[in-house]
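S.K.: Give me coordinates for this.
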Amino acid sequence: MERKNILTGSPWEDKMGYCRAVRIGNIVEVSGTVAIVDGIKVKADDAYAQTMNILERIEIVLKDLNVSMKDVIRTRIFTSDITSFEAVAKAHASFFKDIKPATGFYEVSKLVAPEYLVEIEFTAVVN
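M.R.: Residues are numbered from 1 along each chain as shown. As a prediction, the model looks like this:
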């Protein structure tokens, strides 16, 4: 089966040896993704805005692979603050309310930098 890697140009892709997403056959795995915290639209204390930013950006990554959010069968949500559950759930539901992928929500001690409250991984299967 053909493998297609989606790279974003991040210096970490070579430093760490990873890519944003990989598609092999009808399976797509998307790496853990954090928000682009700009301090204006997406702030370090706004879990809802961070989650929306992640979901909007991943929707574009999936389109580059000819995949849609409707093909997502699993999300794994990591947060450094479990009390953000309601805000994260509201944003997640704005994309997945009718799709309903299997989802896990996990509190971790830290993410890669203190301004990140949320990181999400995605799995999609294309019909």
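S.K.: Wait, Thr75 touches Glu119, no?
M.R.: No - the criterion here is Cβ atoms under 8 Å, and Thr75 misses it with Glu119 at 10.9 Å. C-beta: built from backbone N, CA, C; applies to glycine.
S.K.: Tell me which stretches of the protein form strands.
M.R.: For the chain, the strands defined by DSSP state E occupy 3-6, 21-24, 27-34, 72-79, 102-107, 118-125.
S.K.: out of these, deepest packed?
M.R.: Comparing those by mean neighbour count (mean count of other Cβ atoms under 10 Å), strand 118-125 ranks first with a mean of 21.
S.K.: and that strand, how far from the chain's centre?
M.R.: 5 Å (Cα atoms, centre = their mean, to the nearest Å).
S.K.: Please apply the same query to stretch 19-29.
M.R.: 13 Å.
S.K.: What average pLDDT does it get?
M.R.: Stretch 19-29 carries an average pLDDT of 95.
S.K.: mind listing the helices for the protein?
M.R.: Assigned by DSSP state H, the helices in the chain fall at 11-12, 47-64, 85-96.
S.K.: looking at the ones you listed, which is buried most?
M.R.: Greatest burial across those, using mean count of other Cβ under 10 Å, falls to helix 47-64, with a mean of 20.
S.K.: hmm, who's touching that helix?
M.R.: Residues from elsewhere that reach helix 47-64 (Cβ atoms under 8 Å, 6 or more residues apart in numbering): 6, 20-21, 28, 30, 33-37, 41-43, 68-69, 71-72, 77, 79, 81, 84, 87-88, 90-92, 94-95, 116-120, 122, 124.
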